[in-house]
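Undergrad: give me a model of this one.
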Amino acid sequence: MVPLTLQVGDACREVIDQLLEFNALYRLRAAPGILGLRKKYGDTRLKAACRKATSVGDPSYRTVKGILVAGNETDPEPETGDAEEGRGLLCDIP
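TA: Below is the predicted model:
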């Protein structure tokens, strides 16, 4: 499995590594599943989807596949707003 992740790229390897970091026994089938997505979507799109899944903090088969199906692997990351931004709405009521 390692040689395949090297062929696809660092982003894919990182997703597989994070996926197998905890509860590896239960996630063993997801690793080849992610690598199998390259047949349908290609290496470039898979790399981008893995990079995006890692950046949003959810490196799972379901997330990577969802990103590919939606076709938003190249969309820019959503900007996170300031946590304080909407907090005063209910506090300002007299």
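Undergrad: how many neighbours does Gly71 have?
TA: 11 (other Cβ atoms under 10 Å). Quick note: C-beta positions are derived from backbone N, CA and C, even for glycine.
Undergrad: mind exporting the helix or strand hosting Leu37 as CSV, just the C-alpha atoms?
TA: Using DSSP states H and E, Leu37 sits in helix 30-41. Only the C-alpha atoms of helix 30-41 are listed here, as CSV (Å, rounded to 0.1, in the frame of the first residue of the first chain):
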residue,chain,number,x,y,z
ALA,A,30,-10.9,2.6,3.9
ALA,A,31,-7.2,2.9,3.0
PRO,A,32,-7.4,0.8,-0.2
GLY,A,33,-10.8,2.4,-0.9
ILE,A,34,-9.2,5.9,-1.0
LEU,A,35,-6.5,4.6,-3.3
GLY,A,36,-9.1,3.0,-5.5
LEU,A,37,-10.7,6.3,-6.1
ARG,A,38,-7.8,7.2,-8.4
LYS,A,39,-9.2,4.8,-11.0
LYS,A,40,-12.3,6.9,-11.4
TYR,A,41,-11.1,10.4,-10.6
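Undergrad: after it comes which helix or strand?
TA: helix 43-55.
Undergrad: for that following helix, give me every contacting residue.
TA: 7-9, 11-12, 14-15, 18, 34, 37-38, 41, 59-60, 63-64, 67-68, 72-75, 77 (Cβ atoms under 8 Å, 6 or more residues apart in numbering).
Undergrad: and the buried ones among those, selectable in ChimeraX?
TA: Buried members of the contacts of helix 43-55, defined by 16 or more other Cβ atoms under 10 Å, are picked up in ChimeraX with:
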select :8,9,11,12,14,15,18,34,37,38,41,59,60,63,64,67,68,73
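Undergrad: now, the contacts of helix 43-55 that are in helices?
TA: Among the contacts of helix 43-55, the residues falling in helices (DSSP state H) are 7-8, 11-12, 14-15, 18, 34, 37-38, 41, 63-64, 67-68.
Undergrad: circling back to that earlier point, neighbouring contacts of the helix holding Leu37?
TA: 1, 4-5, 8, 12, 15-16, 19-20, 46, 49-50, 60-61, 64-65, 68.
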